[in-house]
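**Q** what follows is a predicted structure for the sequence shown.
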Amino acid sequence: MAKAVREILHETALQAPSSSGVYLWRNRQGDVIYVGKAKNLKNRLTSYFSGSKDIKTKLLVAHAESIEYITTANEYEAFLLENNLIKKHNPRYNIDLKDGKSYPVLRITNEDFPRVIKTRRIIEDGSTYFGPYPDAGALDTFIDTLYRIYPVRQCKTLKDRDAPCLYYHIGRCGAPCCKKISREAYTEYIGEIESLLEGKGDETLKKIKAEMQKASENLNFEKAARLRDGLSALSIMQKQNIVQTFDGDDRDYIAYWREGELVSFTVLKLRGGKLEGRGNYRTVSLNEDAELIGEFFNAYYTDKAEVPPHIYIPNLLINNLSGIENSYTDTGKSPPPRSHTVARSPSSGGTPQLPDRSVAFLSPAELARWFSETLGAETEIVPVSDAGKNVKYHTAAINMAKQNAHEDIVRRLRERGDIPALEELKTLLSLDTLPVRIEGFDIAHIGGKFPVASLISFYNGNPDKKNYRYFRLKTTDGIIDDFASMREAASRRYTRLLNEGRELPDLLLIDGGIGQVNAVQSVLTSLGIDIPIAGLAEKNEEIYRPGNSTPVILPRRSDALRLLQRVRDETHRFATSKNQRLRTKENTVSIFLELPGVGEKRARTLIKTFTTLENLACADSSRIADALGVSEDEAKKIMREAKKLNDARKEKKAKQIESLENAGTTAQKAAAAHYIDSLAGAALDGSGTE
């Protein structure tokens, strides 16, 4: 039994996203026994199951029953959320990590001439606070940078003086103690600092960069370095913190993600200004997007005590709350059933009658009234676009909730397999068998350069990455012809599968229209293979079958269409990423290394002396010999090879220009594509290799 639990934990770790976040280990009783943070959740969690571990880690895994995780936008938020959750749950295995301290904050004092200081104490005296900031060193550097840029006072007590102190004479203080700066001018500086901390500091950043540039021009590199470090600290200070605030308000952030009929909601609960946790709730719904939030409210909020003063939601029309109440399932527990009714009319003194399905939507104000009259709870429903001056903060929080809902949908699809989509595909495309194994092709190139075909594989509706492949195309290098590229890739792939006697896919998806589909069908026909083919044209999401120019159009809510889109998007991503890697390699590897007898050292010398291959090809052999310190004969050999290589590059470029003028995506080439099967014939002889 223990082995089975460990396997489940390991599978959960392998399926975690590669983003920053916080993870919680729970025991059989559901208690949190450890809270940790990670820059990469997947890497961190899988590390618990690899290699030899110390006794503490072994005990943790042995006592664990489940793993949960909350994704965050960055490591900064993960720091803060971990701190909050440790204090809330007091996990058994976090004992060595707790020191009772809180993170430092930046305080702008409530004085006529305020100070800017670091503190760990929050005093209710009208001061303004920003933070908290996990990186105390970055906060110190940031405050020091402010003192160098703004002439704000640094003395703890402001006293009237006859003569200013040294800070005034070195330009580090405006000397309000001697009335050498007006309160209005000083307040302007404080306003700029507050704007910077609120994310409005573009002008301040320009000012600091200008000061750094000036110091560099004056050869004052020490000052320039200090300002550079200050800019780095500013970038850390400006990170959006959505897991802890100082206003102390209780509020919920609610967002969702849907895939077809599957919908997952995430609720982020901030209590006392701190994000205390996240709840994921699962449902199945065929309602329109605008109806989902209202429907969730109706099932989720059942008690006045559960309703916070503010509920933030995505920018959607909120449809009526009446209708189907779905079964929502949290990873921990389900919301209780409704304990009140909404059927009586307000005129009779009962709870309000919600609008029927003919009403377009229920406004946030009407929703707030419904909460008041149904549950006796006063709350404000706030779409994030109406969140006022802190709209960036609330938008970031909603995005965090949406990201976590998306991760839950991904887990649900993995858990069940995308069987409904596969069954729908089988019906709509009239397939003989369920398309358990789907392979997808896409082509990527830049003006015909570095053409790559990607092959991805889906099994039971989910990516099967161990069976991904890519092909460096040979017949279309330097030429734009998507049909020829598709034929080459398909020939090489399925010739190999035939020769090795391996299993063929149940469905082949092509990223493109009827031309690409017919091109691949001609290859399969020549090979004597019967694999169903479909092409998904991106513009209108139309599905094409071989020999039929009339597309199949599926509803946007179709599970089958959603699955085909996932396959198509994955082929595109995989092809593009490989093409980009090849371009990066081309741009970073010197062309001179392709010449005989030229290594890294000689290549650097040739770059320094001749700069380009064309210059080298036109140079005198004696100059090459002097530069490299080689004999005249060897220099002539290098020069001849340089001319050959340069001519080959020119010819390839000319072909690319010609192909751009006569692209392979014309209607004429599409019509002729399926008649050309010479490549497939050659493939039957075994000439194609994967």
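**A** Alright, I've got the coordinates.

**Q** helix or strand for residue 648, which one?
**A** helix 632-661 (DSSP states H and E).

**Q** no wait, residue 279
**A** Taking DSSP H and E as the criterion, residue 279 maps to strand 274-284.

**Q** what helices or strands is that strand leaning on?
**A** helix 75-89, strand 262-271, helix 289-300, strand 329-330, helix 391-416 (3 or more Cβ pairs under 8 Å, 6 or more residues apart in numbering; DSSP states H and E). Any C-beta I mention is one placed from the backbone N, CA and C, and that applies to glycine too.

**Q** now render those as a markdown table, adding mean pLDDT, mean neighbour count and distance to residue 372.
**A** Converted to a markdown table, the helices and strands packed on strand 274-284 look like this (pLDDT from 0 to 100; neighbours: other Cβ atoms under 10 Å; distance: least, Cβ to Cβ, whole Å):
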| stretch | mean pLDDT | mean neighbour count | distance to residue 372 |
| --- | --- | --- | --- |
| helix 75-89 | 73 | 21 | 30 |
| strand 262-271 | 85 | 22 | 20 |
| helix 289-300 | 74 | 21 | 13 |
| strand 329-330 | 46 | 14 | 26 |
| helix 391-416 | 81 | 19 | 22 |
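
**Q** please enumerate the strands of the stretch 351-500 of the chain.
**A** Here the stretch 351-500 of the chain has its strands, by DSSP state E, counting those that start in this stretch, at 380-383, 437-446, 449-459, 462-463, 469-472.

**Q** what would those strands look like in TSV with distance to residue 157 and mean pLDDT?
**A** TSV is the format used below for those (distance: least, Cβ to Cβ, whole Å; pLDDT from 0 to 100):
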stretch	distance to residue 157	mean pLDDT
strand 380-383	42	86
strand 437-446	65	84
strand 449-459	68	84
strand 462-463	65	84
strand 469-472	69	84
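
**Q** nearest to residue 649, of those?
**A** strand 449-459 (11.1 Å; Cβ to Cβ).

**Q** for that closest one, C-alpha coordinates in PDB please.
**A** What follows is strand 449-459, C-alpha atoms only, in PDB (Å, rounded to 0.1, in the frame of the first residue of the first chain):
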ATOM      1  CA  LYS A 449      16.000  28.700 -44.500                       C
ATOM      2  CA  PHE A 450      16.400  26.000 -41.900                       C
ATOM      3  CA  PRO A 451      13.200  24.100 -43.000                       C
ATOM      4  CA  VAL A 452      12.100  21.800 -40.200                       C
ATOM      5  CA  ALA A 453       9.100  19.400 -40.000                       C
ATOM      6  CA  SER A 454       7.800  18.500 -36.500                       C
ATOM      7  CA  LEU A 455       6.100  15.300 -35.700                       C
ATOM      8  CA  ILE A 456       4.200  15.100 -32.400                       C
ATOM      9  CA  SER A 457       2.200  12.300 -30.900                       C
ATOM     10  CA  PHE A 458      -0.900  12.300 -28.700                       C
ATOM     11  CA  TYR A 459      -2.000   9.200 -26.900                       C
END
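
**Q** show me what counts as buried in that strand.
**A** 449, 450, 451, 452, 453, 454, 455, 456, 457, 458 (16 or more other Cβ atoms under 10 Å).

**Q** again, but for stretch 479-492
**A** Buried positions in stretch 479-492, judged by neighbour count with 16+ other Cβ under 10 Å: 479-492.

**Q** residue 124: which of these is nearest?
**A** Using Cβ to Cβ, the buried residues of stretch 479-492 come closest to residue 124 at residue 482, 67.0 Å.

**Q** my read: that closest one touches residue 441, true?
**A** No. Using Cβ atoms under 8 Å, residue 482 is not in contact with residue 441, being 10.5 Å away.

**Q** hmm, back to that, reformat the buried residues of stretch 479-492 as TSV; add distance to residue 7 and pLDDT.
**A** Below are these laid out as TSV (distance: Cβ to Cβ, whole Å; pLDDT from 0 to 100):
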residue	distance to residue 7	pLDDT
479	50	71
480	49	74
481	49	76
482	44	76
483	47	83
484	47	84
485	43	84
486	41	85
487	44	87
488	42	88
489	37	86
490	38	89
491	41	89
492	38	89
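
**Q** save those as CSV, and put in distance to residue 48 too.
**A** CSV is the format used below for the buried residues of stretch 479-492 (distance: Cβ to Cβ, whole Å):
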residue, distance to residue 48
479, 51
480, 49
481, 50
482, 46
483, 49
484, 49
485, 44
486, 44
487, 47
488, 45
489, 40
490, 43
491, 45
492, 41
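
**Q** noted, bye for now.
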